[in-house]
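In: I need the structure of the sequence given here:
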Amino acid sequence: MAKVAREMVEKSGIDLDQLVELLVKNAAAELTTYYYYTILRVNLIGMEGETLKNIAEDARIEDRNHFEALVPRIYELGGSLPRDMKDFHDISGCPPAYLPPDISDIKKMLEVLVGAERCAVRQYTHLCNLTAGKDHRTYDLSLSILHEEIQHESWFSEFLEEGPSGHFERKGENSPYVSKFLK
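Out: Numbers count the residues shown, from 1 in each chain. A predicted model of the protein is given here:
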């Protein structure tokens with residue numbers, strides 16, 4: 001635990017227990033989304049599914065990276081992850097991204113993907129609002145993840161024909177915003 005970091009967050013007026021709880025719930029959401037996106041990606045088959053596979057893979061890998069970036073901050077602030085994976089799954093800040101009953105329905109798959117990203121955008125926007133000007137490290141981490149989650153949502157919403165987003169598929173490096181927390 002980083003005692004001074006914890007002390008500074010407490011002095012800023014943030015409820016530290018609430019902050020750690022939110023970070024743990026978001027870490028659970030990221031890890032479970034990584035797992036469910038793995039299953040979704042495997043089932044993206046056929047001409048329509050193949051067009052989504054690369055984008056789903058980028059979002060999947062970046063969600064794993066988000067989990068990896070959140071864990072150190074949780075422990076720096078004196079928190080921890082649950083010992084039981086089932087408990088961890090069940091406290092996720094977002095609902096599970098389960099496969100739709102008909103896995104050949106690409107539109108339903110997209111709705112699952114975009115729904116998961118929209119939940120994440122809400123979660124990280126809340127964390128940014130909570131920590132802005134008070135906890136610079138958590139704010140920077142949350143904002144970095146938020147940038148990537150907004151891009152994920154944009155990619156999937158374009159496939160639902162909700163309009164152009166102006167975002168492009170990643171070329172090369174995953175997690176361009178979060179990668180600085182993974183070094």
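
In: If we go by neighbour counts, what in the longest helix along the chain is buried?
Out: Secondary structure of the chain per DSSP state H: the longest helix is helix 46-76. By neighbour count on 16 or more other CB atoms under 10 Å, the buried set for helix 46-76 is 49, 52, 55-60, 62-71, 73-74, 76. From N, CA and C alone the C-beta is placed, and that goes for glycine too.

In: For the helix or strand that comes right after it, name the packing helices and strands.
Out: With elements assigned by DSSP states H and E, the helix or strand that comes after helix 46-76 is helix 85-90. The contact analysis (3 or more CB pairs under 8 Å, 6 or more residues apart in numbering; DSSP states H and E) places helix 85-90 against helix 16-42.

In: I'd like to know the average pLDDT value across stretch 164-180.
Out: Per-residue pLDDT values over stretch 164-180 give a mean of 81.

In: Quick one: residues contacting the residue nearest to residue 70 when sequence neighbours are not counted.
Out: Nearest residue to residue 70, sequence neighbours excluded (CB to CB, 6 or more residues apart in numbering): residue 27, at 4.3 Å. Listed by CB atoms under 8 Å, 6 or more residues apart in numbering, the contact set of residue 27 reads 67, 70, 71, 74, 81.

In: surely the second one meets residue 138?
Out: Just to be clear, that refers to residue 70. No - with contacts counted by CB atoms under 8 Å, residue 70 stays clear of residue 138, the gap being 9.5 Å.

In: hey, what's in contact with both of those two?
Out: With CB under 8 Å, 6+ apart, residue 70 and residue 138 have common neighbours residue 23.
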